[in-house]
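Asker: With the sequence up front, the predicted model follows.
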Amino acid sequence: MSSTIWYYCPMSDEKGFLTVQETRAMLNKSRPTIMNWINSGVFPNAQKQPGETGEWLIPLSDVNNKRQQMVRKLKNELDELMARIP
């Protein structure tokens, strides 16, 4: 049986961008992790808003790509564990 997990995540604007806080909530990760991912190119289309304290906006498509990657990794780990059960 297939199951779908739905997330409520308010959009920062109508163009499909999320704030760092919204991204944290969607991926269940810390702010430092999200910032490290921005700086290392995990979210290649992230945009820093103007000004010294400008907020980062991350495209929902980038976040969904990372989430799919995380799900695939967990599925592979689970498959490996299940293969070890006699």
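Answerer: Thanks, I have it.

Asker: Show me how far the host helix or strand of N76 is from its chain's centre.
Answerer: N76 is part of helix 60-84 when elements are defined by DSSP states H and E. In terms of Cα atoms, centre = their mean, to the nearest Å, the centre of helix 60-84 is found 12 Å from the chain centre.

Asker: And the pLDDT for D62?
Answerer: Here, the pLDDT recorded for D62 equals 97.

Asker: Actually, S12.
Answerer: For S12, the predicted pLDDT is 49.

Asker: W37 versus the spatially most central residue of the chain, what's the distance?
Answerer: In the chain, the C-alpha nearest the mean C-alpha coordinate belongs to V63, at 3.8 Å (Cα atoms, centre = their mean). According to Cβ to Cβ, to the nearest Å, V63 and W37 sit 10 Å apart. C-beta: built from backbone N, CA, C; applies to glycine.

Asker: repeat for S30
Answerer: For S30 relative to W37 (Cβ to Cβ), the value is 11 Å.

Asker: Likewise for E55?
Answerer: From E55 to W37 the distance is 16 Å (Cβ to Cβ).

Asker: Likewise for L60?
Answerer: Distance from L60 to W37, by Cβ to Cβ: 15 Å.

Asker: higher neighbour count, those two?
Answerer: Neighbour totals were compared for L60 and W37, and W37 leads with 20 against 17 (other Cβ atoms under 10 Å).

Asker: check contacts around that one.
Answerer: Counting by Cβ atoms under 8 Å, 6 or more residues apart in numbering, W37 touches F43, K66.

Asker: repeat that for 10 Å
Answerer: V20, T23, L27, K29, F43, A46, I58, D62, V63, K66 (Cβ atoms under 10 Å, 6 or more residues apart in numbering).
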